[in-house]
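Undergrad: please find the sequence and the predicted model below.
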Amino acid sequence: MLKSVPGTNDIFSQSKEYAFREPVFRYIVETAQKVLASSGAQPIHTPIFEYAEVFQKGVGLTSDIVVKKEMYVFEDRGERLLALRPEPTASIVRAYNEHGMKVWPQPVRLFTWGPIFRAERHQKGRYKQFHQVDYEAIGSADPLVDAESIALMVKIYRELGLQGLEVKLGSVGDPEDRLRYNAYLRELFRPHVKRLSQDSQARLESNPMRILDSKDPGDQALLGELQVKPMLEFLGSESSAFHQAVQRYLERLGIPFHVDPSIVRGLDYYVRTAWEVHHRQIGAKSALGGGGRYDGLSEMLGGPRVPGVGFGIGIERVAIALEEEGISIPPDPSPDLYLAPLDEAAKGEALSLAERLRPKFRVEIGYSVKKVGKALEEALKRGARYVGFLGEAERQKGVVALKHLASGEQREVRWEALEEALGPVSGVQR
Ligand code: HAM
């Protein structure tokens, strides 16, 4: 029997794992949609694969996604290299440029949700295919937009009912600030290069800031001994003023946050604002989402200079946090009516009656002929409100023998009167 690829998950209503229950997934997406749409942002859906360069140039040659070959890259019938998206931001900025959104009123604020692919070593909360809700505000360099993005992200978590949140705000500075910081880091680490892990040795030249993010115990010990100065001490006057402005706006909005000088972020495109939202109860893999500013990304993709800021929320991580906090999501409502044909000739009638009622009610039918007792059992198993028996006698009279399962009351209802008899409508829209 063939199985799914480890690190990928089936998301369906009865999944044993809370995090992969479809109503939980839908609750997260719908809540995020509501918050983002009410802020005036518009949905966008980009393809789940792009030319590989979009991501190589976008997320950057020194990001884990590229260095550790986490991208699923494949050749398209011998033509160009394509990649399954390892994040949506580069795709959305590509779409912004491709469709000339620069002439629209700025910033253009877009959101999306869907699958993301990273060939990482999987464990709880880290998957090869996972899902994100993503928001981007493209075309403004104002710190107000950074603060609004953070506030929107926090609002989504709050609307979901989550409480154990920690908003960690940092700044990765401007490219010039980073040059100075990287020079400082190289000088600091060089005498200890042999103690660094292999990954970190490679990062020493390409992107020494990422060493600060290393999970390797040896690297961690060295970092502890060296008392590395944080990036924040290397901010120039402009990026520093920007960082202060974001904080002032957040304070004004009453968003609790703390400045975390250790925020590095794993993608190369970030400048200035960078943040993560963590959850107190879910430990190491606790980042429920992250975001930041990426003023140079459009240019990296061959477009004009366009500033932007946005965030990504990990849907599975949020589901794990909801479970930790004991937030239960109601399952989908059970059927209003289970319509049971009692003989072969009633099957067609059951189907047409079901179709007539279905725009308003949840109606399931028995696909094979059953005896009354067995049909009742099937209706109970499904948690239906009513069971409708349809046999020879009922067909002759144009009625259904309708039994209310909770009270046991049964009466004959004419086909035209079924809607009224079944009311009030239950949540069929879910
Ligand atoms: P990211 O921090 O790489 O940022 O991912 C955002 C979130 O996706 C993470 O905080 C985490 O919740 C979730 N996530 C990441 N990797 C995995 C995984 N392997 N399994 C499960 N969940 C995962 C970005 O992707 C940026 N595009 C965010 C952004 C948008 N920045 C600006 N605009």
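TA: Okay, I see it. If you're wondering where the values come from, they're calculated on a predicted model, not measured in any experiment. Numbering: from 1, shown residues only.
Undergrad: where's the closest residue to Tyr294 other than its chain neighbours relative to Pro307, distance?
TA: Leaving aside its sequence neighbours, Tyr294 sits nearest to Tyr269 (CB to CB, 6 or more residues apart in numbering; 4.2 Å). C-beta here means a position set from N, CA and C on the backbone, and glycine is covered the same way. Using CB to CB, to the nearest Å, we find Tyr269 at a distance of 12 Å from Pro307.
Undergrad: now swap in Lys102 and tell me
TA: 11 Å.
Undergrad: which neighbours do those two share?
TA: Gly139 (CB atoms under 8 Å, 6 or more residues apart in numbering).
Undergrad: give me the more crowded residue out of the two.
TA: Shown here are Lys102 and Pro307; by other CB atoms under 10 Å, Pro307 has more neighbours (21 against 15).
Undergrad: the helix or strand where Ala245 lies - contacts with which helices or strands?
TA: Under the criterion of DSSP states H and E, Ala245 resides in helix 237-253. When contacts are defined as 3 or more CB pairs under 8 Å, 6 or more residues apart in numbering; DSSP states H and E, helix 237-253 sits against helix 143-160, strand 165-171, strand 271-279.
Undergrad: is it true that Val59 touches Ser91?
TA: No. Under the criterion of CB atoms under 8 Å, Val59 is not in contact with Ser91, lying 10.8 Å apart.
Undergrad: surely Gly291 is in a helix?
TA: No. Gly291 sits outside any helix when classified using DSSP: H, G, I helix; E, B strand; the rest coil, being strand.
Undergrad: isn't it up against Gly314?
TA: No. In this structure Gly291 lies outside contact range of Gly314 using CB under 8 Å: 11.7 Å.
Undergrad: okay, now the closest residue to Leu204 other than its chain neighbours: neighbour count?
TA: Excluding its sequence neighbours, the residue lying closest to Leu204 (CB to CB, 6+ apart) is Phe189, at 5.7 Å. Residues contacting Phe189 under the criterion other CB under 10 Å number 22.
Undergrad: what helix or strand does Phe189 sit in?
TA: Using DSSP H and E, Phe189 falls within helix 175-189.
Undergrad: give the buried residues for that helix.
TA: In terms of neighbour count (16 or more other CB atoms under 10 Å), helix 175-189 has its buried residues at Asp177, Arg178, Tyr181, Asn182, Tyr184, Leu185, Phe189.
Undergrad: go on, stretch 158-166?
TA: Within stretch 158-166, the residues scored as buried using 16+ other CB under 10 Å are Leu160, Leu162, Leu165.
Undergrad: contacting residues for Gln163?
TA: Glu325.
Undergrad: for it, helix, strand, or coil?
TA: The assignment at Gln163 comes out as coil when based on three-state DSSP.
Undergrad: from Gly314, how far out is it?
TA: The gap separating Gln163 from Gly314 is 18 Å, by CB to CB.
Undergrad: same deal with Leu288?
TA: 6 Å.
Undergrad: okay, these two: which has more neighbours?
TA: It is Leu288, of Leu288 and Gly314, that has more neighbours when counted by other CB under 10 Å, with 28 against 24.
Undergrad: helix or strand for the more buried one, just tell me which one.
TA: Secondary structure from DSSP H and E places Leu288 in strand 287-293.
Undergrad: show me the contacts for the residue of the chain found nearest the ligand.
TA: Going by CB to the nearest ligand atom, the ligand is nearest to Gly314 of the chain, at 2.3 Å. Going by CB under 8 Å, 6+ apart, Gly314 touches Gly125, Phe130, His131, Gln132, Ala287, Leu288, Gly289.
Undergrad: doesn't the residue nearest to Tyr294 lie inside a strand?
TA: No. Using three-state DSSP, the assignment for Tyr269 is coil, not a strand.
Undergrad: any idea which element the residue nearest to the spatial centre of the chain lies in?
TA: The chain has Gln132 as the residue nearest its centroid, 2.3 Å off, counting by CA atoms, centre = their mean. For Gln132, the element it lies in under DSSP H and E is strand 129-138.
Undergrad: so which residues of the stretch 201-350 of the chain form strands?
TA: Taking DSSP state E, counting those that start in this stretch, the strands of the stretch 201-350 of the chain run over residues 258-259, 271-279, 287-293, 308-314, 337-341.
Undergrad: could those go into a markdown table alongside mean pLDDT?
TA: Listed next are the strands of the stretch 201-350 of the chain as a markdown table, based on pLDDT from 0 to 100:
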| stretch | mean pLDDT |
| --- | --- |
| strand 258-259 | 96 |
| strand 271-279 | 96 |
| strand 287-293 | 96 |
| strand 308-314 | 98 |
| strand 337-341 | 97 |
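Undergrad: quick one: closest of these to Arg203.
TA: Closest to Arg203 of the strands of the stretch 201-350 of the chain is strand 271-279 (CB to CB; 17.4 Å).
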